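A.B. asks: this is a predicted model, with the sequence first.
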Amino acid sequence: MAEPAFSLCVYCGSRPGALDSYADAARAVGAWIGSHGGQLVYGGGSGGLMGLVAQATAAAGGRVVGVIPQSLVDREFANHACDELHIVQTMHERKALMAERSGAFLALPGGIGTFEELFEVWTWRQLGYHGKPIGLLNVARYYDGLLTFLQGSVAQGFMGPWQMDLVDTDVQPVPLLERLVQAAPGAGAGPALRSVI
Ligand code: AMP
């Protein structure tokens, strides 16, 4: 198989959420990755939005790289249909490998796992540990409350507006995906993420 055109890390819910639009967006993201010759890097799960993104990527001809801790494999959460499934020992190893293998990051709706992953790559970016673009897909305005809270943090002097600008937000998947892939430094590994662990 040819080298993927790009490698995108997607963070999203291990549950499907309450609205059909969340699942539709997850499928749309996977279909876009696959149809543009890309590679999905994700948490290797089979359920929720995670499973839907992976299935849609593979169905559209894309490559799927899953990175999952042994504890979740033991609970039968792993997607064994991945082109590459990396089984690691800790969540820290998982997130580091996902970040290393990606040229850009995209968060879809999800819960605390998704929030944690988004905030981690965001803080790494503000500190200059990587220069990879980060996107937030605000499906059905799911993230409006969070964005309002963060603007409040800027207003209260705990964040600068430039930090908000490090995350590219859109309600539509395709324009956001196009911008992220265009801004990504390359399909493979980026700058020395290892240095942050
Ligand atoms: P959440 O947003 O809380 O559903 O968590 C989603 C993220 O947390 C994923 O990207 C995974 O890194 C991790 N995660 C949480 N639960 C699972 C699971 N059942 N299977 C795989 N990964 C999970």
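C.D. replies: Thanks, I have the structure now.

A.B. asks: interface residues of the chain facing the ligand?
C.D. replies: With Cβ under 6 Å from any ligand atom as the criterion, the chain meets the ligand at residues 11, 13-15, 43, 45, 47, 50, 72, 77, 110-114, 117. To be clear about C-beta, it is placed using only N, CA and C from the backbone, and glycine gets the same treatment.

A.B. asks: quick one: which of those is most hemmed in?
C.D. replies: Scoring the residues of the chain next to the ligand on neighbours with other Cβ atoms under 10 Å, the highest-scoring entry is Met50 at 29 neighbours.

A.B. asks: buried ones in stretch 68-77?
C.D. replies: For stretch 68-77, burial by neighbour count (16 or more other Cβ atoms under 10 Å) applies to Ile68, Pro69, Leu72, Phe77.

A.B. asks: can you list the strands that the lengthiest strand in the chain pairs with?
C.D. replies: The residue-count maximum for a strand in the chain (DSSP state E) belongs to strand 63-69. As defined by DSSP bridges, the strand partners of strand 63-69 come to strand 39-42 (parallel), strand 84-88 (parallel).

A.B. asks: what strand or helix carries whichever residue of the chain sits closest to the ligand?
C.D. replies: Of all residues in the chain, Gly113 sits closest to the ligand, at 2.2 Å by Cβ to the nearest ligand atom. Take DSSP states H and E as the rule and Gly113 turns out to sit in helix 112-126.
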